[in-house]
Each structure stands twice: as C-alpha cells, then as structure tokens.
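Student: fold the following.
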Amino acid sequence: MRLSRFALLAPLLLAALAFNSVPALAAVNHPFNNASETLPNEDACGLAGSGASLYVSSYDQDKIYMPSGSLAPESTVSGPCKLELDATGDLYVNNWHANVVKYNSSELLPGQGTVIDSAHPTGLAVQQSSGDLYVAHRTYISKYDTTGTLLETIGSGGLKEAYGVAVSEYPATAGDIYVPDAATHSIKVFGPTGNPISEMNGEATPQGGFTYLRDGEIVIDNNPLSPSFGHIFVLDAIGHGESVHPEGAIDEFNAEGDYRGQVTGFVDAEPSGLILDGTTHNLYLTSGNSEGSQVFEYGPTAPAKTLKAVKEGGGGGTLVSAPAGIACGGACTAEFNENQTVTVFPLSNAHSNFSGWSVTGAEPCPGTGSCTVQMANDVEIKASFTEPPQQTLTVTSSGEGNVVSSPAAISCPVNCSEHFAQGRLVTLTALPGAHQKLIGWSGCESLPSPSECKVTMAEAKTVSVTFAPIPQISLDLSLSGTGQGTVTSFPSGISCPGNCSGSFDEGSIVYLMAAPSPGSGFGGFSGGGCEGTAPLCAVTLSSATEVRAQFNGTAAGPAQAAARSSFSLVAVRTAGTRALLTVRASEAGTLLLSGPGLRPAKREVSAGTSRVRVGLDRRASSALFAHHRLRLRLAIGFLPAGGGPPAATTAALRFRFPAGKAPRRQH
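Tutor: Next up, the predicted model:
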C-alpha cells in the first residue's frame with residue numbers, strides 16, 4: 001500500500017491531547033495534512049489500524065478510507081461504522097444494523113468481501129491471539145472463528161441493548177468479554193465461557209455513572225509493553241440531549257475495574273470510533289456525527305498511584321473525591337497521577353455523623369472536614385462514621401408536587417417521614433408538578449429561597465407545604481387577508497391553520513411565529529400585545545387572549561426584508577431522524593424551533609453562521625422507520641440578544657431512509 005494516498009483524509013483534523021493532565025503531545029506528522037480531495041467530513045464513525053496507517057469509515061458516504069484509497073461505493077459497504085483489523089490484516093466492517101463483512105487483505109480494493117453476520121449487529125471485536133470474531137447484537141454476542149463459523153452465543157438473557165464489545169488478553173482477565181449495555185448504563189463483563197461475572201456502572205466518573213452508551217465504543221489495551229496494559233477505555237456521550245453537538249468523554253479504568261481518569265473536550269461524540277495504537281500506546285478517536293469530523297490522538301497513560309478508601313464505625317455515609325475517582329460506597333479504590341493532589345470529602349447519611357480520619361502513606365488529616373493527600377505513594381484513608389440519637393422529620397403536603405431532602409431521605413409523597421441524626425441541618429426542596437405552583441411553607445426555621453426550607457433536628461419536627469394548580473389561559477389565533485401562511489407557537493400547542501387554539505400556564509410567555517407561503521407576504525399581528533409587522537411576537541398570558549395574523553397576497557414587503565436582514569436560514573439538510581440547519585445572524589440570539597412531529601427546542605446562537613439540529617419526536621421517528629419517507633414543516637423564530645426586531649420563518653423538512661439501510665442510532 002502506498003501511504004501517500006492516505007493524504008486524501010486531510011479534512012479529518014488531527015488534534016493532540018493527553019490523559020490526566022499529562023502535557024499534550026506534539027502534533028504527529030500525519031498524512032491527514034495534505035488534502036487533495038474532500039473526503040469524510042461527517043459521520044466518520046469507525047477506526048482501525050494505527051496512527052501510521054488508519055482506516056476510517058464514513059457512514060453517510062458508504063465508504064471506508066484506507067492508506068491506499070477507498071472502497072468503491074458499489075462494494076458491499078452500506079452505512080459502515082465499526083471497524084476491526086485482525087493480526088493478518090483482514091478488515092471486518094460493521095455496516096450499521098445490517099451486517100458484518102470480512103475483507104481479506106488482498107481484496108480490499110475494490111473487494112466485495114464475505115458476509116459473516118447479518119443479524120442486526122451493533123459492534124464487533126477481534127481477539128488478536130486467536131483471530132476469533134465477537135459481534136454484538138443488542139441482546140447477545142455471537143462468537144465466530146477465522147473461517148466465519150459460529151462457535152457460540154454469549155450473554156443471552158443478560159443483555160438488553162448491547163453496543164460495542166471488547167475482549168481482554170491481559171493475563172488476569174484473559175478471555176473476559178466487556179459489553180456496554182445502553183439500557184442499564186453499565187458495562188457487562190462475561191467470562192471466557194460466557195458466564196456473567198461482574199458489572200461496571202461508572203459511578204466513580206465525574207458524571208457519577210455512564211450517561212449514554214448507545215452507539216458507543218469500548219477497547220482494552222492488550223499490549224504487554226503498554227503502560228496501560230489491561231486497562232479499559234469506554235466512550236460515553238456525556239452531553240447527549242443537552243446540546244446539538246454533544247460533548248463526549250473517554251473513561252479509563254485499570255484492569256481491576258478501578259477508575260483511572262477521563263478525557264473530555266471533544267464534541268459530536270456520537271457515533272465515534274476508538275482504537276489503541278499498539279506501537280505508540282496512544283489512543284485515537286473519531287469525533288463528528290455532523291459536519292467537521294475529526295481524529296484526536298491522546299498520549300499514553302501517566303504513571304499512577306492507588307488511593308484506597310475505607311469506611312469504619314457504626315454510622316453510614318459515602319466518600320467522594322476531587323478529582324473524581326472515589327465514590328465509596330461502591331468505588332472505594334481509584335488510580336491517580338503520581339504526585340497528584342486529591343481531596344476526599346465525607347458525606348454522612350441522614351442518620352449519621354462523621355467523626356474523623358486515619359491516613360496511611362501520606363500526611364495525616366486532623367478534624368472532621370475534608371482530607372487532602374498528595375499521591376507520592378499508594379495511600380489508604382479510613383473514615384469513621386457514628387450514629388447518634390435520631391429525631392423524626394415529617395412532611396405534609398397539599399396539591400400536586402414533590403418534596404425532597406438533603407441529606408437524601410425524604411421524597412414525598414412516596415416517603416414523607418424519616419429519622420435524621422440529632423442536631424442535623426436538613427434542607428427541604430419543593431418541586432411543583434406540571435402546571436402547578438408553590439404557594440408556601442410552614443414549620444421552617446429559614447427560607448433561603450421560595451423553594452427551600454431549612455430545619456435543625458434538635459427535636460421531632462413537622463413541615464407543611466402547599467401547591468396549587470396554575471390556571472390555564474386560552475390563546476386563540478385567527479388568520480385573515482388574501483394571502484396564505486402558517487403561524488406556530490413555542491412552546492408547541494398552536495399550528496395554524498389546523499390547530500389555531502391552545503391552553504397555556506397563566507403568566508407564561510408564548511411566542512407566535514408567522515411564515516408566509518411563497519407568493520404571499522406577512523401583514524402583521526394584532527391583539528394580545530402583538531402589534532406590528534414583525535413575524536415573531538411574545539404573548540404574556542394573564543387572561544384569555546385573541547391574536548390575529550394577516551397574510552397578504554403579495555411578496556414580502558420592506559418590513560419582512562428588514563427582519564430577515566438580522567437572521568436568515570442558509571441551508572437545511574436532513575440525516576437520519578434529525579435536521580441540520582445552517583443559519584446566519586447579525587448578532588447573538590435565541591432560536592425557537594417548533595413544529596408537528598418535531599421535538600421543540602431552544603438554542604442559543606452567536607453572531608455569524610451557526611449550525612443547529614432539531615430531531616423528530618418518537619411518533620414521527622416510528623413513522624419514518626415504517627414508511628422510509630416523511631415531510632414536515634419546521635417553524636423557526638429568532639430573538640436577538642440585543643433586543644432588536646425578532647424574525648421568523650419556516651423550513652420544509654424531507655426525511656428519507658433508503659429501504660434496506662438502517663437509520664443511524666435506532667432506538
């Protein structure tokens with residue numbers, strides 16, 4: 001293979017970062033850097049090989065880019081994602097939710113390959129010592145030999161949503177199979193014979209557990225010469241649901257499953273590929289399920305020391321560390337960088353008090369506050385909890401809502417009475433139900449905020465809280481004029497014509513977004529405080545309100561042109577169950593996105609060009625999966641941060657899945 005052709009991969013930007021605050025590596029002189037052709041700049045979701053010879057799959061383009069070129073589109077790849085190379089150079093390709101195809105090293109260009117598995121695969125791994133192939137299928141793992149013969153099925157009954165698989169060749173765990181289970185937010189571990197032996201829930205991570213393991217990846221360092229030999233690396237989309245470009249994290253655990261560290265700082269973390277370079281011991285990651293795919297390189301794991309936490313005494317509580325690693329209760333041992341400073345905090349439960357520390361391997365920690373140690377050696381910390389006399393706190397409530405306590409014990413209306421250690425300060429927080437509001441408290445010592453109540457448990461106490469329904473106010477919209485157009489609300493509830501009335505909470509602000517049809521112009525809103533020709537208005541609902549929208553039978557006039565000058569929709573593209581919008585704004589502001597079949601969203605954008613995404617709701621997603629085609633209309637409103645005139649428009653969205661090709665990230 002001629003590595004010079006690997007320069008075609010230049011649009012994938014190489015970035016150099018490092019684990020656990022190790023100084024960043026210098027950028028590798030990588031063939032990515034001399035582009036001569038536009039190649040996968042989105043949905044680069046699979047990796048195989050090493051830094052000197054990487055294979056990258058592009059789901060959207062139905063191609064695999066290799067050191068010697070790319071597989072022809074007419075080959076058997078269709079939505080390729082996960083990739084694996086065996087010791088002989090054969091390449092295994094997971095065409096997402098369709099099949100696993102094996103390409104012999106001599107057949108890669110163009111190469112039709114051999115289908116090994118076609119039972120809805122969601123991940124794959126090759127055991128390098130034996131050449132055996134492991135394929136994930138959500139609820140089980142299939143194991144094949146080098147000829148493609150099925151050897152056994154693993155995990156049946158113990159898996160719900162398996163995405164990804166890894167096999168250990170570390171001596172103490174050799175043959176163990178690690179499988180991310182998205183349904184349980186955990187890594188299920190099976191022995192070489194397929195028997196379940198343990199489970200990793202990620203509770204020691206900064207997020208307190210794995211966040212989103214769908215379409216994720218897991219790898220094990222099986223190189224005896226590596227400083228992280230036997231370590232487990234898990235890709236987690238920690239920003240899923242919080243951003244249109246979700247942040248990702250790589251969580252590292254040692255061979256015993258103790259937390260080692262985390263890499264963050266990359267976005268578009270779903271889907272992504274993850275591999276370890278057997279020569280440099282560096283970690284490679286693809287990131288980019290929309291535009292701008294990247295390949296990141298991270299340096300090898302730094303030298304570490306072990307911190308062990310032990311709880312003593314008759315009381316109960318938890319120990320947590322900063323940086324993350326200790327979460328004891330469960331995760332009582334973790335590794336930290338050598339000479340790193342770690343602080344451990346005692347969190348006694350509702351019935352206990354913390355009484356002091358005992359430290360081995362570092363300076364002592366006097367008192368009953370936190371304990372800070374320097375990891376020059378392996379360190380053991382013992383924490384003593386005692387249980388004093390108890391006092392009862394009872395919560396009574398009226399209306400619909402919840403009350404929770406800190407320390408955690410009360411969650412009313414399910415559990416409204418609990419014992420607390422005598423003298424303990426307890427904070428109660430009121431959480432009104434849907435369309436409910438908090439009226440007030442009684443029995444509190446102090447009210448730091450309207451929703452919080454504090455009491456000190458010197459004796460038994462009772463606290464009362466009252467919730468009441470928020471009145472629902474009707475908003476009615478009427479259309480007039482000789483033209484045509486649509487008006488949509490945010491929050492959703494009105495989509496007129498069709499549904500021109502809605503009910504909303506009293507005091508809430510409802511945005512109405514007007515968009516004229518082609519050949520028509522928007523004449524303006526009137527009523528409900530919406531006066532003028534701006535295509536977006538805010539209605540504050542204090543009483544039943546009527547708003548009129550007029551559309552004229554002429555093209556948009558000067559008022560609409562002026563509004564569009566601050567905000568414009570540049571391009572619309574759909575992929576899978578989401579639409580990617582390219583918008584341009586003259587200043588920062590807020591986008592309001594709403595429409596039937598779509599999940600309402602509120603996005604902050606900066607001045608200039610931005611890209612935002614909006615997704616189908618569950619019902620529309622099901623319709624798309626069933627019928628392969630779907631047409632919807634999206635209403636878009638723009639609120640300038642500087643208080644300038646708002647703007648609104650609509651976009652026609654056409655979603656399509658080719659028959660026989662599975663949609664990306666099926667749920």
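Student: name the residue closest to the centre of this protein, please.
Tutor: By C-alpha atoms, centre = their mean, the chain has its centre lying nearest to His240, at 2.0 Å.
Student: not counting sequence-adjacent ones, nearest residue to it?
Tutor: In space, His240 comes closest to Tyr212 once its chain neighbours are excluded; the distance is 3.8 Å by C-beta to C-beta, 6 or more residues apart in numbering. (Each C-beta comes from the backbone N, C-alpha and C, glycine too.)
Student: gap between that neighbour and Gly239?
Tutor: 8 Å (C-beta to C-beta, to the nearest Å).
Student: what sits in contact with each of those two?
Tutor: Each of Pro246 lies in contact with both Tyr212 and Gly239 under the rule C-beta atoms under 8 Å, 6 or more residues apart in numbering.
Student: quote the end-to-end distance of stretch 347-364.
Tutor: 19 Å (C-alpha to C-alpha, to the nearest Å).
Student: buried ones in the one helix or strand Arg619 maps to, by neighbour count?
Tutor: Applying DSSP states H and E as the criterion places Arg619 in helix 618-627. Within helix 618-627, the residues scored as buried using 16 or more other C-beta atoms under 10 Å are Ala620, Ser621, Ala623, Leu624, Phe625.
Student: now do it: distance to the chain's middle.
Tutor: 22 Å (C-alpha atoms, centre = their mean, to the nearest Å).
Student: next, the angle helix 618-627 makes with the helix or strand just after that helix.
Tutor: Later in the chain than helix 618-627, the nearest helix or strand by DSSP H and E is strand 629-640. Here the directions of strand 629-640 and helix 618-627 differ by 150 degrees (axes from the mean of the first three to the mean of the last three C-alpha atoms, to 10 degrees).
Student: average pLDDT for strand 629-640?
Tutor: Averaging pLDDT along strand 629-640 gives 86.
Student: ok, stretch 133-152 next?
Tutor: So the average pLDDT for stretch 133-152 ends up being 95.
Student: now swap in stretch 158-178 and tell me
Tutor: The model assigns stretch 158-178 a mean pLDDT of 95.
Student: any chance you could map the helices in the protein?
Tutor: 558-564, 618-627 (DSSP state H).
Student: hey, least reliable of the ones you listed by pLDDT?
Tutor: helix 558-564 (a mean of 42).
Student: how about stretch 179-194 as CSV, C-alpha atoms only?
Tutor: Presented in CSV, the C-alpha positions along stretch 179-194 are these (Å, rounded to 0.1, in the frame of the first residue of the first chain):
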residue,chain,number,x,y,z
VAL,A,179,-20.1,-5.2,26.6
PRO,A,180,-21.6,-1.7,27.0
ASP,A,181,-25.3,-2.1,27.8
ALA,A,182,-27.1,1.1,27.0
ALA,A,183,-30.3,0.0,28.7
THR,A,184,-28.7,-0.4,32.1
HIS,A,185,-26.0,2.3,31.6
SER,A,186,-23.3,-0.3,32.5
ILE,A,187,-20.5,-2.5,31.2
LYS,A,188,-21.5,-6.1,31.5
VAL,A,189,-18.5,-8.5,31.9
PHE,A,190,-18.7,-12.2,30.9
GLY,A,191,-16.1,-14.8,31.4
PRO,A,192,-14.4,-16.8,28.6
THR,A,193,-17.2,-19.4,28.8
GLY,A,194,-19.9,-16.8,28.5
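Student: show me what counts as buried in it.
Tutor: Val179, Pro180, Asp181, Ala182, Thr184, His185, Ser186, Ile187, Lys188, Val189, Phe190, Gly194.
Student: now swap in stretch 222-240 and tell me
Tutor: 222-223, 226, 228-240.
Student: one more: stretch 452-463?
Tutor: So stretch 452-463, judged by 16+ other C-beta under 10 Å, has buried residues Cys453, Val455, Met457, Lys461, Val463.
Student: contacts only, for the third one.
Tutor: Contact analysis of Met457 by C-beta under 8 Å, 6+ apart lists Gln391, Leu393, Phe420, Ala421, Gln422, Gly423, Arg424, Leu425, Val426.
Student: 7 Å - rerun?
Tutor: Applying C-beta atoms under 7 Å, 6 or more residues apart in numbering, we find Met457 in contact with Gln391, Leu393, Phe420, Gln422, Gly423, Arg424, Val426.
Student: what number of residues lie near the fourth one?
Tutor: By the other C-beta atoms under 10 Å criterion, the neighbourhood of Gln422 contains 15 residues.
Student: in space, what's closest to it - neighbours in sequence excluded?
Tutor: Pro389 (4.7 Å).
Student: can you tell me how far that neighbour sits from Thr318?
Tutor: Pro389 is 22 Å from Thr318, by C-beta to C-beta.
Student: and what of Cys328?
Tutor: With C-beta to C-beta as the criterion, Cys328 and Thr318 are 6 Å apart.
Student: thinking again about what came up before, which pair in the buried residues of stretch 179-194 spans the largest distance?
Tutor: His185 and Gly194 (22.3 Å; C-beta to C-beta).
Student: got any ranges where the stretch 251-400 of the chain has weak pLDDT?
Tutor: Applying pLDDT under 70 to the stretch 251-400 of the chain flags the ranges 288-292.
Student: the nearest residue to Glu363 once chain neighbours are set aside: what's it in contact with?
Tutor: Once flanking residues are discounted, Glu363 sits nearest to Val373: 7.0 Å by C-beta to C-beta, 6+ apart. By C-beta under 7 Å, 6+ apart, Val373 lies in contact with Val342, Val359, Ala362, Glu363, Val379.
Student: if you set the cut-off to 10 Å instead, what comes out?
Tutor: Val373 sits next to 305, 307, 321, 336, 340-344, 357, 359, 361-365, 379-381 when contact means C-beta atoms under 10 Å, 6 or more residues apart in numbering.
Student: any of these buried? List them.
Tutor: 305, 307, 321, 336, 340, 342, 344, 357, 359, 361-362, 365, 379-381.
Student: out of these, which comes closest to Ser446?
Tutor: Closest to Ser446, out of all of these and judged by C-beta to C-beta, is Val344, at 29.9 Å.
Student: and the closest one, how close does it get to Glu256?
Tutor: 20 Å.
Student: just to revisit the earlier point, wait, doesn't the residue nearest to the centre of the chain sit right on Glu270?
Tutor: Yes: at 6.5 Å, His240 and Glu270 qualify as touching, with contact defined as C-beta atoms under 10 Å.
Student: list residues touching both of these two?
Tutor: With C-beta under 10 Å, 6+ apart, His240 and Glu270 have common neighbours Tyr212, Leu213, Arg214, Asp215, Pro246, Gly248.
Student: state the pLDDT value of the fifth one.
Tutor: We note a pLDDT of 79 for Pro246 in this prediction.
Student: that one: what's it in contact with?
Tutor: So Pro246 contacts Thr211, Tyr212, Ala237, Ile238, Gly239, His240, Val267, Asp268, Ala269, Glu270, Asn289 (C-beta under 10 Å, 6+ apart).
Student: need phi/psi at the first one.
Tutor: This means Thr211. Dihedral angles phi and psi of Thr211 (degrees, to the nearest 10) take the values phi -100, psi -50.
Student: then the second one?
Tutor: Tyr212 has phi and psi values of phi -150, psi 100 when expressed as degrees, to the nearest 10.
Student: what about it, neighbour count?
Tutor: 21.
Student: quick check: it touching Gly248?
Tutor: Yes: contact criterion C-beta under 10 Å: Tyr212 and Gly248 qualify, at 9.2 Å.
Student: what do these two both touch?
Tutor: Joint contacts of Tyr212 and Gly248 (C-beta under 10 Å, 6+ apart) are Leu235, Asp236, Ala237, Ile238, Gly239, His240, Ala269, Glu270.
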